[in-house]
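**Student:** Give me the fold of what follows.
(chains A and B)
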Amino acid sequence: MKLLTNIAPVKITLTVLAVVMLSLPNWVGAQVLVPSGSFHSVMPEVKGEPVAVNSFYMDTTAVTNKEYSEFLQDHEDWQPGNVPSIFAYKGYLKSWENTNSDEVVNPDEPVTSVSWYAANAYCQSVGGRLPTLNEWEYSAQLMDFDSSADAREFANRLMSWYSTFDSENVGDVGSTGIENRYGVKDQFGLIMEWVQDFKPVIANDLSLDCGTVGRMQKLGNAYSYAASIRYITRMSFSPKSTNSTVGFRCAYDVETIEEKEASL
Amino acid sequence: MKKIFLIILLLFTATSLVAQHNHNHSADNTLDVKEIDSEHSIYHLDAKWTGHRGGTVTLDDFKGQPVIVVMFYGNCTDVCPILIQDAWRLYSSVDESVREDINVLAVSFDTENDTPEVLNEYAKYEQLDIPGWHFMTADDADVRTLAMMLGVQYSKKSDGHFAHSNLVTVLDEKGRIAHRVEGLNQPMDEVKGTIELIMDRLNK
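**Tutor:** Presented below is the predicted three-dimensional model:
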């Protein structure tokens, strides 16, 4: 008897919780607050001055094939075949044979082969936006390492990931085991991701070449190598690019999330 | 594995070429203008825009006639007035008989501050609250999309100002990019010629 009375309230709480969670739209719980702060950009123009970033919310994982297929159900304009060539190259969703969300292949893997325009439209449809380049890079650097040896090992792992990247065998989202201290996962080790302003402002003065990588690596933190590869790769993108290595996640203004939570 | 490395090497080569190509710019806040594809219509973007007179329009409301587009922001007191004046120089250089067929879209990327009311004041201040001129804004994502389509780069800085490209674009009657004028205070003869060619074609 005593046991039952102990268990009963727990059961109720869990049921209520489950009902509440089921009744909430998808986006609740799928993103976390990344508090404001600053980070040292690997870009040479910054000259040691940290880049300030305001608080924002970000998806904990990249948008999955399943989530993207649900978007396609509601937005026929973005189905392959309907997208005007001004918004995407021919490679758009090239491996997709079926856009029906029940039959989508590898539902929990991140969607790739999507153009910037498509990623931007998806995030807009869920009340968010693409993260800015600075937001994304800032979040990526918010990892905790137990020791400098751990940080070095992490840097080495990244180096081998970037040199052996296999777009045929992308894992599920959340599978890398890499996450920042607020729970944002897979910013390294899964795919490249679109950001709002993927060609950074200083890009004009900058010759991005092997020298740049060398210069960036001299910064000597665990992220320098990965970041330099990302900055350089992004420079070669067009907003119509549909690479099998590039997906995205969405970010949200703090006010947007607060207003939505208040209205529930 | 080797493949990836080769690709990265290729990227280095390609991007350093691009970077060299872009060296000829001066002012700190000026972004170079990106290459864009003029084969396709901007009017594929079906976003809703709010004008400084309060109404809502979509871009293809302007189809059938040439359109001049500039992207700017209201709090920009140094270069943007020049950019707007550049658009005016172009507009006013066209023969008066065809001017009424041309629309000018001045699109703000400061979606936070440039409400329709602010844009209205801006239009009046610039003495450009005149028929055919539309100061407008939209959702962040839509403004960003238009900028990508035109090849305008902009980026908000921590002081609230924007680094941005200075670009005047002329769209033809189908919304395809017909001419782009990069930089401030450029000569307008050639682009004026483009507008006249479009008008001649339409009036045949």
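
**Student:** where's the one residue sitting closest to the centre of chain B relative to B:D114, distance?
**Tutor:** The C-alpha lying nearest the average C-alpha coordinate of chain B belongs to B:V70 (C-alpha atoms, centre = their mean; 3.3 Å). Per C-beta to C-beta, to the nearest Å, B:V70 is found 13 Å from B:D114. (Glycine included, C-beta is placed from N, CA and C.)

**Student:** Find me the pLDDT at residue 81, would you?
**Tutor:** No chain specified, so I'll use chain A. Reading off the per-residue confidence, A:G81 sits at a pLDDT of 87.

**Student:** my bad, the chain I had in mind was chain B
**Tutor:** pLDDT recorded at B:P81 is 91.

**Student:** Can you get me a residue count around the spatially closest residue to it that is not a sequence neighbour?
**Tutor:** Leaving aside its sequence neighbours, B:P81 sits nearest to B:E126 (C-beta to C-beta, 6 or more residues apart in numbering or on different chains; 7.2 Å). As a burial measure, the neighbour count of B:E126 was computed by other C-beta atoms under 10 Å in any protein chain shown and equals 16.

**Student:** Over to A:L72?
**Tutor:** Neighbour number of A:L72 under other C-beta under 10 Å is 22.

**Student:** Same check on A:N134?
**Tutor:** Neighbouring residues of A:N134 were enumerated by other C-beta under 10 Å; the total is 23.

**Student:** Past the strand or helix carrying it, which element shows up next along the chain?
**Tutor:** In this assignment (DSSP states H and E), A:N134 forms part of helix A:133-140. Next helix or strand after helix A:133-140 toward the C-terminus (DSSP H and E): helix A:148-163.

**Student:** Okay, buried residues for that following helix please.
**Tutor:** Buried positions in helix A:148-163, judged by neighbour count with 16 or more other C-beta atoms under 10 Å in any protein chain shown: A:A151, A:F154, A:A155, A:R157, A:L158, A:W161, A:Y162.

**Student:** quick revisit: is it true that the residue nearest to B:P81 touches B:I84?
**Tutor:** Yes - counting by C-beta atoms under 8 Å, B:E126 does reach B:I84; the two are 5.9 Å apart.

**Student:** who touches both of those two?
**Tutor:** Both B:E126 and B:I84 lack any common contacting residue under the criterion C-beta atoms under 8 Å, 6 or more residues apart in numbering or on different chains.

**Student:** Adding distance to chain B and pLDDT, write the buried residues of helix A:148-163 out as CSV.
**Tutor:** What follows is the buried residues of helix A:148-163, written out as CSV (distance: C-beta to the nearest C-beta, whole Å; pLDDT from 0 to 100):
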residue, distance to chain B, pLDDT
A:A151, 23, 87
A:F154, 20, 88
A:A155, 17, 85
A:R157, 15, 86
A:L158, 13, 84
A:W161, 10, 83
A:Y162, 7, 78
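
**Student:** Dump those residues into a markdown table; add distance to A:K94 as well.
**Tutor:** Supplementary listing: the buried residues of helix A:148-163 in a markdown table, determined by distance: C-beta to C-beta, whole Å:
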| residue | distance to A:K94 |
| --- | --- |
| A:A151 | 38 |
| A:F154 | 33 |
| A:A155 | 33 |
| A:R157 | 29 |
| A:L158 | 27 |
| A:W161 | 23 |
| A:Y162 | 23 |
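
**Student:** surely A:V32 meets A:R181?
**Tutor:** No - under the criterion of C-beta under 8 Å, A:V32 lies out of contact with A:R181, with a separation of 10.1 Å.
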